[in-house]
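> return a 3D structure for these sequence lines:
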Amino acid sequence: MKIKFFVVMVLVLAALCVTLASGTAGASEVRGQVTNTGVPEFTWDNSKFAGLYYDVDKNIGNETITFSLSDTTPTGATLSDQQDATTGLRGVVYETKAQLKTFKYKGWGQYDAIGFLADKYFAAYDPTVTADVTNAGAKVAYLYDASKNRNLMTNEQLSKILIDNNTEVLINSSSPLKLKEGYELSIKSINVNETKVMLELKKNGQRVDTEIVQPTIDNARISDQTYYYKTNLGDTEDIIQIAVHFKNIFHGADKDSATVDGIFQISDTPLLLKSDQQYDKMSIRNVDATDMSIVMDNKDNQITLSKNKDVLLMQNIHIKTADQDGTVAEPLRYYIYKAITAPGSYQLRGTVSNVMQNQVTWNNSTFSGFYYDIDKNLGAETLTFRPTQVTTTGATLSDQADSNNNRGVVYQTSAQLKAFKYNAWGQYDVIGFLANKYFAAYDPTVTANVAAVNESVAYLYDASTNSNLMTNEQISQVLVDNNTEMLINTSSPLKLKEGYELSIKSINVDETKAILELKKNGQRVDTEIVQPTVANADMRDQTYYYKTTIGDTVDIIQIAVHFKNIFHEDNKDSATIDGIFQISDASTSIKPDQQFGKMSIRNVDATGMTITMDNKDNQITLSKNIDVPLMQNIHIKTADQDGTDAAPLRYYIYSGGGSS
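Next comes the predicted model:
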């Protein structure tokens, strides 16, 4: 029996704490479309895997990853490292090809960009001429012409594109132009006629180049206006690594200044593409410098797909399989994903559409930003666009209801039953909302109690006075759902989310009872006794819970922790924990007309556990090169593109984030 009481005890807590993490610390996933071992061959491209390189403005991106399964059963399969007798292909084949792309500063011409290992790389400067924007009628391929060697792929290498930009930037003699990889370009002096500027390029504080450009002389050409730094990249000699276009220069009394409106930079550390070059389980099979294509496969690296695996495939691309016992009806699920660990921002992009499609719906298969649980195949968010007033260059997402009572944007989601990671607590209703995982209700469906044979429980449902947040038009974010065993003791409390921590105050001499204290931000909020090792202990004896009021819902469990055992050890009271569940103490309101960006709640069904939103009173215009915040962290991005009959305006949804 659990006994509540309050006790005052002074403890000096050590700095060491047990910290909870969901997944790899500091990492985020960009997920590809989910498939299963019942599908013998599956190919991801940039429409099925947002981790691959894609330029929506130019519709550029050519990477594909194909899995061909063998030795297939519902519970697993093999990706063979041997060539198939018929096709000559191995179990995993990666292919990519360069595509022509205009520099952002168009007067420089074009280059060949290639997606490789899900990043954007430079392959070559291209000889195709374009108009010289400074000299009517003249044709140039300037950076091609200025480089002695132009194609990195002839030497079996690529270089990452660091900057391709035409945004105007003002620099002066005391504020140099900051570039990537430690480079900076500074103004040394400008002549009194304001026609010539002396420039100095440094890397990590060391001078590597000094040049003069003369952007404002009469009849100035691209060659007069462009500073470039030509160097050796690996085996490729005299190729331009950095180019900067100067629009104008000014000689001031105190400072010399300049306006820059074009920057291009590639890495000074090229990537090798030599035959058999290994990238984790993949290696180069063929590099064609003329066709500008690359083929890789998994030669000498057979891969087994079985339950609950995370396999590094190449660079930062992984294979993730479900923690699932596959059956004929539900074969083992898996997907590929790109792991993002570097600090910065990134986009989880949905499948690209265009304005001529009269209806498009994204779900967790076509938008990796939506909540999805591969182990249980859970996630029910959908977002539907119905464009009207359509032309090739744009469209409207109306805020008025049509004959079917639908507006231009409709979002729907529904809760689904999910077992707690610590199964004996029963189940709860989880709901994806605004691309996050939320708690809707504890569920009364009973499950077997692992602690007592033949006893069935829905323990957290039974222990809550009120169990369904949606009856009060609210939900709460799921912060922790974990069954990983961990050890805590009197000097190392259990660190939970939102400033909560659970500590052991003392354990009795018989090692049957533990006094626990829950704090939030250092302030005590609860004290309890659990007795997980008494004779015939049941779930009530083994589980600590904190029941509180969340929003308008009174007496609902917010935190639950299952104790496997308790003991004295090394002058410390210790315990083993093997189940944790926590939801946020800050509820999210889902009352009708509640606004989330341009979307608002239309209907909440607490019985059917569904939520519907639309863009009432917020008409949205789709036109070129806009980024529209739609709701919470979900945006609409359109291409910087003049739509045509052959290529109507492209757009997609994305959720933005960052990694730490």
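> surely residue 143 forms part of a helix?
Yes: under DSSP: H, G, I helix; E, B strand; the rest coil, residue 143 sits within a helix.
> where does this structure dip in pLDDT?
1-27, 130-139, 343-345, 447-456, 657-660 (pLDDT under 70).
> can you give me the helices for it?
For the chain, applying DSSP state H gives helices covering 142-146, 222-225, 459-463, 539-542.
> may I see those arranged in CSV, with distance to residue 299 as well?
In this view, the C-beta of every residue, glycine as well, is placed from N, C-alpha and C. Shown next, in CSV, are the helices of the chain (distance: least, Cβ to Cβ, whole Å):
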stretch, distance to residue 299
helix 142-146, 35
helix 222-225, 46
helix 459-463, 51
helix 539-542, 52
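> does residue 255 touch residue 172 like I think?
Yes: counting by Cβ atoms under 8 Å, residue 255 does reach residue 172; the two are 4.4 Å apart.
> can you tell which of the helices of the chain is closest to residue 156?
helix 142-146 (20.1 Å; Cβ to Cβ).
> dump the C-alpha coordinates for that closest one into CSV.
C-alpha atoms of helix 142-146 as CSV (Å, rounded to 0.1, in the frame of the first residue of the first chain):
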residue,chain,number,x,y,z
TYR,A,142,33.5,33.9,-66.6
LEU,A,143,34.6,31.6,-63.8
TYR,A,144,35.0,28.8,-66.4
ASP,A,145,37.2,31.0,-68.5
ALA,A,146,39.3,32.2,-65.5
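> now do the contacts for residue 644.
Taking Cβ atoms under 8 Å, 6 or more residues apart in numbering as the contact definition, residue 644 lies against residue 392.
> phi and psi next, for it.
The phi/psi pair for residue 644 (degrees, to the nearest 10) reads phi -130, psi 170.
> tally up the residues packed near the residue lying closest to residue 56 once chain neighbours are set aside, please.
Here the nearest residue to residue 56 in space, its sequence neighbours aside, is residue 639; by Cβ to Cβ, 6 or more residues apart in numbering that works out to 4.5 Å. Burial measure for residue 639: 22 neighbouring residues, criterion other Cβ atoms under 10 Å.
> is it true that residue 639 touches residue 623?
No: in this structure, residue 639 is not within contact of residue 623 by Cβ under 8 Å, at 10.4 Å.
> so what's in contact with the two at the same time?
With Cβ under 8 Å, 6+ apart as the test, residue 639 and residue 623 both reach residue 649.
> for stretch 265-280, buried residues please.
265-268, 270-271, 273, 279-280 (16 or more other Cβ atoms under 10 Å).
> out of these, which sit inside strands?
Judged by DSSP state E, strands contain the following of those: 265-266, 271, 279.
> could you pull out the strands in the stretch 1-150 of the chain for me?
28-31, 35-36, 41-44, 64-68, 70-73, 76-79, 92-97, 99-102, 110-116, 119-126, 130-131, 139-140 (DSSP state E, counting those that start in this stretch).
> including distance to residue 494, could those strands go into JSON lines?
Formatted as JSON lines, the strands of the stretch 1-150 of the chain follow (distance: least, Cβ to Cβ, whole Å):
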{"stretch": "strand 28-31", "distance to residue 494": "25"}
{"stretch": "strand 35-36", "distance to residue 494": "37"}
{"stretch": "strand 41-44", "distance to residue 494": "40"}
{"stretch": "strand 64-68", "distance to residue 494": "41"}
{"stretch": "strand 70-73", "distance to residue 494": "40"}
{"stretch": "strand 76-79", "distance to residue 494": "36"}
{"stretch": "strand 92-97", "distance to residue 494": "41"}
{"stretch": "strand 99-102", "distance to residue 494": "52"}
{"stretch": "strand 110-116", "distance to residue 494": "44"}
{"stretch": "strand 119-126", "distance to residue 494": "39"}
{"stretch": "strand 130-131", "distance to residue 494": "63"}
{"stretch": "strand 139-140", "distance to residue 494": "66"}
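> need the ones you listed in a markdown table with distance to residue 159 and mean neighbour count, can you?
A markdown table is the format used below for the strands of the stretch 1-150 of the chain (distance: least, Cβ to Cβ, whole Å; neighbours: other Cβ atoms under 10 Å):
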| stretch | distance to residue 159 | mean neighbour count |
| --- | --- | --- |
| strand 28-31 | 23 | 20 |
| strand 35-36 | 33 | 21 |
| strand 41-44 | 25 | 17 |
| strand 64-68 | 22 | 21 |
| strand 70-73 | 37 | 14 |
| strand 76-79 | 30 | 22 |
| strand 92-97 | 15 | 21 |
| strand 99-102 | 14 | 17 |
| strand 110-116 | 10 | 23 |
| strand 119-126 | 5 | 24 |
| strand 130-131 | 22 | 16 |
| strand 139-140 | 22 | 16 |
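> closest one to residue 317 among those?
Of the strands of the stretch 1-150 of the chain, nearest to residue 317 by Cβ to Cβ is strand 64-68, at 7.6 Å.
> now for the closest one, which elements pack on it?
strand 41-44, strand 92-97 (3 or more Cβ pairs under 8 Å, 6 or more residues apart in numbering; DSSP states H and E).
> just put these in TSV and tack on distance to residue 162.
Shown next, in TSV, are these (distance: least, Cβ to Cβ, whole Å):
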stretch	distance to residue 162
strand 41-44	26
strand 92-97	19
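> out of those strands, nearest to residue 465?
strand 41-44 (47.8 Å).
> contact partners of the closest one?
Residues from elsewhere that reach strand 41-44 (Cβ under 8 Å, 6+ apart): 32-33, 35, 52, 64-69, 336.
> of the strands of the stretch 1-150 of the chain, which is nearest residue 418?
Among the strands of the stretch 1-150 of the chain, if distance is taken as Cβ to Cβ, the winner is strand 28-31, at 18.6 Å.
> chain center to the closest one, what's the gap?
Its chain's C-alpha centre and that of strand 28-31 lie 4 Å apart, by Cα atoms, centre = their mean, to the nearest Å.
> that strand pairs with which strands?
Note on strand 28-31: by DSSP bridges, its sheet partners are strand 333-340 (antiparallel).
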